[in-house]
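Asks: Okay, sequence plus prediction incoming.
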Amino acid sequence: MSNFRNHGTELRAAPANADAIFGIKVGSVPWKVFRKTSGCRDLRRNAATAVIVAFAATLALAKIAPAQEITTYTGICEPSGGAFVDATRFVVASDESNVLRIYERGFPDILASVDLTGFLMHEKSDLEGAALGDGVIYWTASQSFSSKSKDGKRMVIFATTISNTDAETPLVPMGVVREDLKDELVAMSGTAAAEINIEGLAAGADGSPYFGFRNLVDREAPVVHLKNTAAVLSDASVLPIFGQTTLLNLGGRGIRSLERIGDRYMVVAGPSGDADSLGFALYWWDGNNEGEVQIWDNLPPLGDIDPEVAMLSRDGTFIQIVSDDGDRCPKSELEDPASSDRHFRSLDVLLQMVGH
């Protein structure tokens, strides 16, 4: 690689052994080696110091630590929404099941299951989004039409309470199931009823969730805030109160997952339709109504992970990214009963260098 000089700063390729030194794939990221032009000692005379300075500059630019190794969990293939139950356990839904599965981090087998079929009065509701609130996890179905254009079971919005973190099954359905909010979500987002597809859900600063849409409106992804969610899911007669709708410019991508981190939101963006050729990308949104976002362009390589769920750890130190591995599993889409032949992958991205 050729050197580039500019006002005493030299951009060089990373040392050949950088990967081994730091355990991170550097690739072709430029490394800065600072030189004093006033006759001071050139940092290149001390290779170790130069490497440390270069690595620190690169990491500060990326504002993240390296991605951790991939962990595989068994039982289902198509996780679609999830949240941490406590410091070590997380729960995921599948868009092909109304059974929630709880896992202990680092252990592949299902720890516990919560069958919502009786509570929802439906099977396979196309559950897509989860948002962790104060002692509660909010859930939404996609609100989309099924292949048979009958969408009743796909309109559910509900909550589970984290009742006892010492229990094997700490989640209990609570309140009422709402199936009557689709029309308002369609109207608030500017979406056509036949095109609505919600996949992201994140609790705002007030604890009430934002709904993130996979479908686009004028090539932008809508975000709709339901301000009185707790009341709406406590009493079926309570009318919803919505905040202002925001359209996010994600480069023609839709929202696949939404997670609040500190005072801003991480957006997992991906193809808005199955035939869309755009790849996945991660963005930051500070909650502004103008919809301005910043792409997370220094994210460690995700490989062939198809990010469908992003969950912030309880201590706020990392994001667990969960892959939808439906294309890697047996052709059958049946997620019930859970099977050892079915699996999904997960990796962590450390947030120790990210400013909030």
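Replies: Now that the structure is in, tell me what you want to look at. Numbering: from 1, shown residues only.
Asks: Where does pLDDT dip in the stretch 151-300 of the chain?
Replies: For the stretch 151-300 of the chain, residues meeting the criterion pLDDT under 70 lie at 151, 275.
Asks: any idea where the helices of it begin and end?
Replies: Ranges of helices within the stretch 151-300 of the chain are 182-189, 229-232, based on DSSP state H, counting those that start in this stretch.
Asks: buried stuff in the first one?
Replies: The neighbour-count criterion (16 or more other Cβ atoms under 10 Å) identifies 182, 185-186, 188-189 as the buried residues of helix 182-189. C-beta: built from backbone N, CA, C; applies to glycine.
Asks: got those residues as JSON lines, with distance to Asp126 columns?
Replies: Below are the buried residues of helix 182-189 laid out as JSON lines (distance: Cβ to Cβ, whole Å):
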{"residue": "Lys182", "distance to Asp126": "12"}
{"residue": "Leu185", "distance to Asp126": "14"}
{"residue": "Val186", "distance to Asp126": "16"}
{"residue": "Met188", "distance to Asp126": "20"}
{"residue": "Ser189", "distance to Asp126": "17"}
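Asks: contacting residues for the residue positioned nearest the centre of the chain?
Replies: When the chain is reduced to its mean C-alpha position, the closest residue under Cα atoms, centre = their mean turns out to be Ala310, at 2.5 Å. Residues touching Ala310, when contacts are defined by Cβ atoms under 8 Å, 6 or more residues apart in numbering, comprise 257-259, 266, 268, 319-322.
Asks: what comes into contact with stretch 164-178?
Replies: Residues external to stretch 164-178 that are found in contact with it (Cβ under 8 Å, 6+ apart): 85-86, 89, 91, 100, 102, 111-114, 116, 119-121, 136-137, 156-163, 232-236.
Asks: Tell me, what's the model's pLDDT at Gly75?
Replies: You'll see Gly75 listed with a pLDDT of 97.
Asks: err, Gln68, not the other one
Replies: At Gln68 the predicted local distance difference test score is 61.
Asks: From the buried residues of helix 182-189, pick the one nearest Gly252.
Replies: Of all these, the one sitting nearest Gly252 is Ser189; the distance, using Cβ to Cβ, is 17.0 Å.
Asks: Could you chop the protein up by domain?
Replies: 4-62, 71-350 (automatic domain parsing).
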